[in-house]
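Participant: Sequence first, then the predicted structure:
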Amino acid sequence: MRLIDTHTHLDFPDFDDDRSEVLRHCQALGVERQVVLGVYRDNWQRLWDLAQQERGVYAAFGLHPVYLDRHRPEDLDALRDWLTRCAGHPKLCAVGEFGLDYYLEELDRERQQPLFEAQLALAADFGLPVLLHVRRAHAPTIAALKRFKLERAGIVHAFAGSAEEAREYLKLGFKLGLGGAPTWPQAKRLRRTIVDLPLDAIVLETDSPDMAPSMHPEGRNSPEHLPDICTALAELKGIAPDELAAASTANAKAVFGWD
């Protein structure tokens, strides 16, 4: 089984004590590539250093809506500078993580929207795919994506929307990131939606250290759990794990332009 974790935060301090060991174990398990996402300006250098140092680790830079109060107007200029400096580098693969979060009531929606759209514009300018965070905000996200008509689409991370919302994203060229959430039996609507998703719509992820799957409910989530997530979701869809792994890997390579 060969896998790509399309969404991880391996640079977070949760992995400081054993990051190298985790990466070695991932390679042994067949998790050959991992995309590490920036969430605020201060972690971009850290994740870029990690991508430079480790085989199979790739970087994306973004301004996450959950850190809205941490972001400053000049951070968008800094993001453009980073993308300019890293343009064409094989370890730069996307703009992200960014998006809209209507789940947390303390996050000002009016402030989120221009930050979201500015990063869509940057992705369009640099010809990069986007890695989107969307919580209870599918309608405004889809509306913005229809306006921008990105030449390269990307991934809706941790997709938890309806079947109709899934179809809208697919029409726009997006893949849907699936990780630990649908492995839980209580996620009934999401599990029903996933059963009907075409294989060319799916990429796998962990969102580690968060969103632990049902088979590893305690402690830190890890990219090491991706094979178990793949096996659980393949069982849900009634296919072999190797079939889902092959489809997800091919889909991820298509998003990021990898051979």
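Facilitator: Received, thanks. Residues are numbered from 1 along each chain as shown.
Participant: where does Val39 land in three-state SS?
Facilitator: Recorded secondary structure, Val39: coil (DSSP: H, G, I helix; E, B strand; the rest coil).
Participant: C-alpha coordinates for stretch 208-224, PDB please?
Facilitator: Coordinates of each C-alpha in stretch 208-224 appear next as PDB, following Å, rounded to 0.1, in the frame of the first residue of the first chain:
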ATOM      1  CA  SER A 208      -2.400  15.100  12.600                       C
ATOM      2  CA  PRO A 209      -2.000  15.800  15.500                       C
ATOM      3  CA  ASP A 210      -5.800  16.400  15.400                       C
ATOM      4  CA  MET A 211      -8.900  14.400  14.300                       C
ATOM      5  CA  ALA A 212      -7.900  11.000  15.600                       C
ATOM      6  CA  PRO A 213      -9.600   8.100  13.900                       C
ATOM      7  CA  SER A 214     -11.800   5.600  15.800                       C
ATOM      8  CA  MET A 215      -9.200   2.900  15.900                       C
ATOM      9  CA  HIS A 216      -6.700   5.300  17.600                       C
ATOM     10  CA  PRO A 217      -9.000   7.400  19.900                       C
ATOM     11  CA  GLU A 218      -6.500   8.300  22.500                       C
ATOM     12  CA  GLY A 219      -3.600  10.700  22.300                       C
ATOM     13  CA  ARG A 220      -2.000  12.300  19.300                       C
ATOM     14  CA  ASN A 221      -3.100  11.500  15.800                       C
ATOM     15  CA  SER A 222      -0.200  10.800  13.500                       C
ATOM     16  CA  PRO A 223       0.500  10.200   9.800                       C
ATOM     17  CA  GLU A 224       1.300   6.700  10.900                       C
END
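Participant: Show me which positions of it end up buried.
Facilitator: 208-209, 211-214, 216, 220-224 (16 or more other Cβ atoms under 10 Å). The way it works is simple: take the backbone N, C-alpha and C, and place the C-beta from them, glycine included.
Participant: cool, stretch 14-24 as well?
Facilitator: 14-15, 19, 22-23.
Participant: circling back to that earlier point, dump the buried residues of stretch 208-224 to JSON lines, plus pLDDT.
Facilitator: JSON lines is the format used below for those (pLDDT from 0 to 100):
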{"residue": "Ser208", "pLDDT": "98"}
{"residue": "Pro209", "pLDDT": "98"}
{"residue": "Met211", "pLDDT": "97"}
{"residue": "Ala212", "pLDDT": "97"}
{"residue": "Pro213", "pLDDT": "98"}
{"residue": "Ser214", "pLDDT": "98"}
{"residue": "His216", "pLDDT": "97"}
{"residue": "Arg220", "pLDDT": "97"}
{"residue": "Asn221", "pLDDT": "98"}
{"residue": "Ser222", "pLDDT": "98"}
{"residue": "Pro223", "pLDDT": "98"}
{"residue": "Glu224", "pLDDT": "98"}
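Participant: Tell me the helices and strands packed up against the longest helix seen in the chain.
Facilitator: Of all the segments assigned as helix in the chain under DSSP state H, the longest by residue count is helix 109-126. Judged by 3 or more Cβ pairs under 8 Å, 6 or more residues apart in numbering; DSSP states H and E, the packing partners of helix 109-126 are helix 73-86, strand 92-101, strand 130-135, helix 138-148.
Participant: Which single one of the buried residues of stretch 14-24 is nearest to Val66?
Facilitator: Asp14 (16.2 Å; Cβ to Cβ).
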